[in-house]
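*Asks:* All I have is the shape, not the residue letters:
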């Protein structure tokens, strides 16, 4: 016991005050409460730290049973042992576990970030062409019911090059960010909005969208994009041309849908830009 508590091995008696004085200040209250509970319940168990005269700290464990001496006074018969090495090992394991968990969290965060960057446009934050292709492939794989439909709006900014040439690429970037904000605002939350090229965007919408609903959506986008945008004191104007293609039924060819919307887009540009055009069999011919 003298060795455990850092007391001199002089053969002298030891009592409660010797134990109490050796306790770490942060453990004193709990250790005394454990002791009192042990007296009350008859079973004593406590873990605490002991500070030796050389300021070294040892972790001790104490277990005992309460009995009464011939005079009826409560006594505890038990054992104490040094568990410092076990505690230090556990602390090392906890630290290693925490470091591993932190590293795993960091790796997972990096994975999510890399995956997000691979599928999104860095300027606007919208999904990119790769994300669009994967989405179309996924829709084709899962199939559609006979009554379900999907529509794709291929959007190209008109007179965007003039803004880049006259005000610089920073102004062009600002217009692209503005255009992405307009598309997000005018489309439904469940619609898929992507930037697939320099000044090209796509809106993928699912459901029983009628010709009229798609026309109304395209018209809202055209009218809003035509509004002037202020950039560092300059009034920038550009418009959009939109090609619209849709499919209904169980078979879906995402690549062909995009080609059809592209054909309709070129027709809209040929009509004078700042308008929309639907793909049709007549247009295909």
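*Replies:* That came through, no problem. Predicted model only: the values in this text are computed from it and were never measured.

*Asks:* dump the residue contacts of residue 65.
*Replies:* Residue 65 makes contact with 42, 43, 44, 76, 77, 78, according to Cβ atoms under 8 Å, 6 or more residues apart in numbering. Backbone N, C-alpha and C define where each C-beta goes, glycine included.

*Asks:* Apply 7 Å and report the result again.
*Replies:* Shown in contact with residue 65 (Cβ atoms under 7 Å, 6 or more residues apart in numbering): 42, 43, 77, 78.

*Asks:* before we move on, what about residue 239?
*Replies:* Here residue 239 is in contact with 158, 159, 222, 225, 226, 273, 274 (criterion: Cβ under 7 Å, 6+ apart).

*Asks:* List the beta-bridge partners for it.
*Replies:* Counting by DSSP bridges, residue 239 forms beta bridges with residue 158.

*Asks:* Same check on the one 5 residues further on?
*Replies:* Using DSSP bridges, the bridge partners assigned to residue 244 are residue 153, residue 278.

*Asks:* Please verify my assumption that it contacts residue 218.
*Replies:* Yes. If you go by Cβ atoms under 7 Å, residue 244 and residue 218 touch, sitting 6.1 Å apart.

*Asks:* okay, and the common contacts of those two?
*Replies:* With Cβ under 7 Å, 6+ apart, residue 244 and residue 218 have common neighbours 153, 276.

*Asks:* Can you tell me which of the contacts of residue 65 end up in strands?
*Replies:* Judged by DSSP state E, the subset of those located in strands is 43, 77, 78.

*Asks:* Let's have the residues you listed in CSV, adding pLDDT, distance to residue 16 and neighbour count.
*Replies:* As requested, these are exported to CSV (pLDDT from 0 to 100; distance: Cβ to Cβ, whole Å; neighbours: other Cβ atoms under 10 Å):
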residue, pLDDT, distance to residue 16, neighbour count
43, 92, 19, 13
77, 91, 15, 9
78, 91, 14, 14
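
*Asks:* helices or strands next to the helix or strand that contains residue 212 in the packing?
*Replies:* Following DSSP states H and E, one finds residue 212 within helix 211-225. Judged by 3 or more Cβ pairs under 7 Å, 6 or more residues apart in numbering; DSSP states H and E, the packing partners of helix 211-225 are strand 149-158, helix 169-186, strand 239-248.

*Asks:* do that again at 6 Å, thanks
*Replies:* helix 169-186, strand 239-248 (3 or more Cβ pairs under 6 Å, 6 or more residues apart in numbering; DSSP states H and E).

*Asks:* and the first one, which residues are buried?
*Replies:* By neighbour count, with 16 or more other Cβ atoms under 10 Å as the criterion, the buried positions of helix 169-186 are 171, 172, 174, 175, 176, 178, 179, 180, 182, 183, 186.

*Asks:* For the fifth one, give its distance to residue 73.
*Replies:* The one in question is residue 176. 87 Å (Cβ to Cβ, to the nearest Å).

*Asks:* One more: the fourth one?
*Replies:* When distances are taken as Cβ to Cβ, residue 175 and residue 73 turn out to be 90 Å apart.

*Asks:* try the second one
*Replies:* According to Cβ to Cβ, residue 172 and residue 73 sit 91 Å apart.

*Asks:* Same question for the last one.
*Replies:* Relative to residue 73, residue 186 is positioned 87 Å away (Cβ to Cβ).

*Asks:* excluding its backbone neighbours, what's nearest residue 229?
*Replies:* Distances taken as Cβ to Cβ, 6 or more residues apart in numbering put residue 236 closest to residue 229, at 4.7 Å, once the chain neighbours are dropped.

*Asks:* what about that neighbour, neighbour count?
*Replies:* 20 (other Cβ atoms under 10 Å).
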